[in-house]
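K.L.:
I would like to see how this sequence folds:
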Amino acid sequence: MTDQTLNGPDAPRGCPVAHAGADLARLYGPEVSTDPHAVYERLRKEHGSVAPVLLEGDVPAWLVLGYRDNRRVLDNPRQFSRDARIWRDWLDGRVAETSPLIPMIGWRPDCISQDGEPHRRLRGAVTDGLYAASSRGVRRHATHFANKLIDAFVDDGEADLVAGYAEYLPMLVLTRILGLPAAEGRSLVESCAQVLKGGEQALAHNDRIIEILGELAERKRLEPGSDFTTALLEHPAGLDPEEVVSHLRLVLLAAHTTTSNLLARVLQLVLTDASRLAGLVSGQLNITAVVEEVMWNSPPLAVLPGRFAATDLELGGHHIQEGDLLILGLAPGNADPEVRPDPEVSVQGNQSHLAFSAGPHECPGQSIGQSIIEIGVDVLLHRLPGLRLSVPPEDLGSTGSTWESRLDSLPVEFPV
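P.N.:
Numbers count the residues shown, from 1 in each chain. Model prediction:
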């Protein structure tokens, strides 16, 4: 079958296999960078709950926009596999090994790249390691590093809470959990951001992360400690060296990216709403309720990679072919008018959002991330009484990519 046939009038309805000249929405570039939500809603109007899109390099995919369709994909690994080795465009040579999509979508020997028993074996090691780490003082580490970060700007009377706080607090806590030196963790912030951003530097930064974590694993083989790395090395599941490094990378990327983004969005919501700020300071409002609201309205990963159709099937009125790539629209799924006809209605107490994914691959470290956020907000508000935005709320901007929308800055001022 030729590209011309696939893109011509005889193409199956909604077929995402598209190349030069195809008129499909691109889930990257200027429009997504400035207003991804407008892109999602336009696609929903044009295609329904599932839309054909192009990813970076004009790689075709299906973007799942509907809440119920997202849950169907996430809950059914037999129909929608996480194993990229069945990705048809990869098998047919249409995706280069140097594609910036590979760090996010390509197969790795980790638990999120596999299903069934291999997944259960590896996820068990990760879950056990994270449980052990969370019982060894995550909240204490978060308190320590939150205070250290605040110490750096407390005498200035002003700060950018994205660049000076939210971007670094989760990574510094992760250095303790993984067993990395704090200085090394700081340098990894940029590399994690570049992998999510995509572009020419994504692969180089991904390689740098793997190199640093490979060296960490070697050190911990010789000098075990009370950390996640040692827990993986010593787990009864018997992870090989490549599996250990792959899971260190997975936890580092997933935990830092989602937690830093979520922390920034929680702080944005608190500082742009005087009643929420007053409620938190007085103790009348629980920070968990604010975090829950943000997870509905601004999930830290807007789009989650990726699933692959294990067979030909129908989804959202479209014919999905075996080997097609599907990416999960967590942000548009949370905003689906079929489940949230009035987005202004309170979601307090409703934990059925998609922010942490769902099904067998649901995020196993969400309690750690939530602890870091709760401590980060609590310490900040108590250390800096009188904290307020130094710009109008409408001046706060975000930059989107295929996978996320990050707050650019959060300038604040406070009495010294």
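K.L.:
in the one helix or strand residue 45 maps to, what counts as buried?
P.N.:
Assigned by DSSP states H and E, residue 45 belongs to helix 36-47. The neighbour-count check on helix 36-47 (16 or more other CB atoms under 10 Å) flags 36, 37, 39, 40, 43, 44, 47 as buried. Any C-beta I mention is one placed from the backbone N, CA and C, and that applies to glycine too.
K.L.:
what about that helix, average pLDDT?
P.N.:
In this model, helix 36-47 has a mean pLDDT of 96.
K.L.:
stretch 317-335 too?
P.N.:
98.
K.L.:
could we number from 685 for the rest of this?
P.N.:
Yes, from this point I'll number from 685; that puts the last item at stretch 1001-1019.
K.L.:
distance of the closest residue to residue 813 other than its chain neighbours from residue 957?
P.N.:
Distances taken as CB to CB, 6 or more residues apart in numbering put residue 915 closest to residue 813, at 3.7 Å, once the chain neighbours are dropped. With distances taken as CB to CB, to the nearest Å, residue 915 is found 40 Å from residue 957.
K.L.:
looking at the two, which one has more neighbours?
P.N.:
For residue 915 versus residue 957, the count of surrounding residues by other CB atoms under 10 Å is larger for residue 915: 22 against 13.
K.L.:
secondary structure of the more buried one: a helix, I assume?
P.N.:
Yes: under DSSP: H, G, I helix; E, B strand; the rest coil, residue 915 sits within a helix.
K.L.:
okay if I get the buried residues of helix 720-731 as JSON lines plus distance to residue 1059?
P.N.:
Output for the buried residues of helix 720-731, formatted as JSON lines (distance: CB to CB, whole Å):
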{"residue": "720", "distance to residue 1059": "29"}
{"residue": "721", "distance to residue 1059": "30"}
{"residue": "723", "distance to residue 1059": "35"}
{"residue": "724", "distance to residue 1059": "32"}
{"residue": "727", "distance to residue 1059": "38"}
{"residue": "728", "distance to residue 1059": "37"}
{"residue": "731", "distance to residue 1059": "42"}
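K.L.:
who's in contact with residue 872?
P.N.:
For residue 872, the contact set (CB atoms under 8 Å, 6 or more residues apart in numbering) comprises 855, 864, 893, 896, 936, 940.
K.L.:
which of those are buried?
P.N.:
Of the contacts of residue 872, these count as buried by 16+ other CB under 10 Å: 855, 864, 893, 896, 936, 940.
K.L.:
which non-adjacent residue is nearest the third one?
P.N.:
Using CB to CB, 6+ apart and skipping residues adjacent in sequence, the residue nearest residue 893 is residue 875, 5.2 Å away.
K.L.:
show me where the stretch 835-984 of the chain has its strands.
P.N.:
842-844 (DSSP state E, counting those that start in this stretch).
K.L.:
do a quick rundown of the helices in it.
P.N.:
853-862, 866-881, 886-906, 912-918, 925-955, 958-966, 971-981 (DSSP state H, counting those that start in this stretch).
K.L.:
show me what the shortest one is packed against.
P.N.:
Packed against helix 912-918 by the contact rule (3 or more CB pairs under 8 Å, 6 or more residues apart in numbering; DSSP states H and E) you find helix 800-818, helix 853-862, helix 886-906, helix 925-955.
K.L.:
picking up where we left off before, so what does the helix holding residue 729 touch, helix or strand wise?
P.N.:
Taking 3+ CB pairs under 8 Å, 6+ apart as contact, the helices and strands that helix 720-731 lies on are strand 709-710, helix 714-718, strand 734-739, helix 1014-1018.
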